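Asker: I'll drop the sequence and a predicted model, then ask my questions.
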Amino acid sequence: QVQLVESGGGLVQTGGSLRLSCAASGRTFSSYRMGWFRQAPGKERDFVAAINRSGVATYYADSVKGRFTISRDNAKNTVYLQMNSLKSEDTAVYYCAATTRYTEVSRYYDYWGQGTQVTVSS
């Protein structure tokens, strides 16, 4: 079992930055590939970024490449999402999730946090 708790969301102006954190419980955090997803009102939950177990390999949705950076600290059982150059279309609830699979498909992620709201205003 892994419990995930996101933090760091909030209101930011267009062009600004936020860093989301996701703290995981348990001693098996490093066994999981971690991902960030987001869901805007009335839309499906979309993949944002993922990172492999060691933190060496990262993967991004085209919409965030060059602006967002995913990282992890296995010693702190935490995964991060640094978001720069934020746009209004980045407004959504952001979720972190854990999987043992090599996938960006949300249904294959086994554990989810409760989400944190990110609102980008112009």
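Answerer: Yep, that arrived.
Asker: ok, Phe47 - contacts?
Answerer: Residues in contact with Phe47, defined by C-beta atoms under 8 Å, 6 or more residues apart in numbering, are 35, 37, 61, 104-106. Where you see a C-beta, it was placed from the backbone N, CA and C, and this is true even at glycine.
Asker: quick one: contacts for the nearest residue to it once chain neighbours are set aside?
Answerer: The shortest distance from Phe47 to any residue that is not its chain neighbour, by C-beta to C-beta, 6 or more residues apart in numbering, is 4.3 Å, and that residue is Glu104. When contacts are counted by C-beta under 8 Å, 6+ apart, Glu104 is found next to 35, 47, 50, 59, 61.
Asker: For the third one, grab the count of nearby residues.
Answerer: The criterion is other C-beta atoms under 10 Å. On that basis, Ala50 has 23 neighbouring residues.
Asker: my guess is Thr58 meets Gly35, correct?
Answerer: No: between Thr58 and Gly35 no contact is recorded; they are 10.5 Å apart, counting by C-beta atoms under 8 Å.
Asker: how near is the spatially most central residue of the chain to Ser7?
Answerer: Compute the mean C-alpha point of the chain, and by C-alpha atoms, centre = their mean the closest residue is Trp36, 2.5 Å away. Shown here: Trp36 relative to Ser7, a distance of 13 Å by C-beta to C-beta, to the nearest Å.
Asker: what do these two both touch?
Answerer: Shared contacts of Trp36 and Ser7, defined by C-beta under 8 Å, 6+ apart, are found at 20, 22.
Asker: Name the residues contacting each of Thr58 and Gly35.
Answerer: Counting by C-beta under 8 Å, 6+ apart, the shared contacts of Thr58 and Gly35 are 49-51.
Asker: can you pull the contacts of Leu18?
Answerer: So, once contact is read as C-beta under 8 Å, 6+ apart, Leu18 ends up touching 8-10, 12, 83, 86, 118.
Asker: what about the strands in the protein?
Answerer: 4-7, 10-13, 18-24, 33-39, 45-51, 58-60, 68-73, 78-83, 92-99, 111-112, 116-121 (DSSP state E).
Asker: would you turn those strands into TSV with mean pLDDT?
Answerer: Conversion of these to TSV gives the following (pLDDT from 0 to 100):
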stretch	mean pLDDT
strand 4-7	97
strand 10-13	98
strand 18-24	98
strand 33-39	98
strand 45-51	98
strand 58-60	97
strand 68-73	98
strand 78-83	98
strand 92-99	98
strand 111-112	96
strand 116-121	98
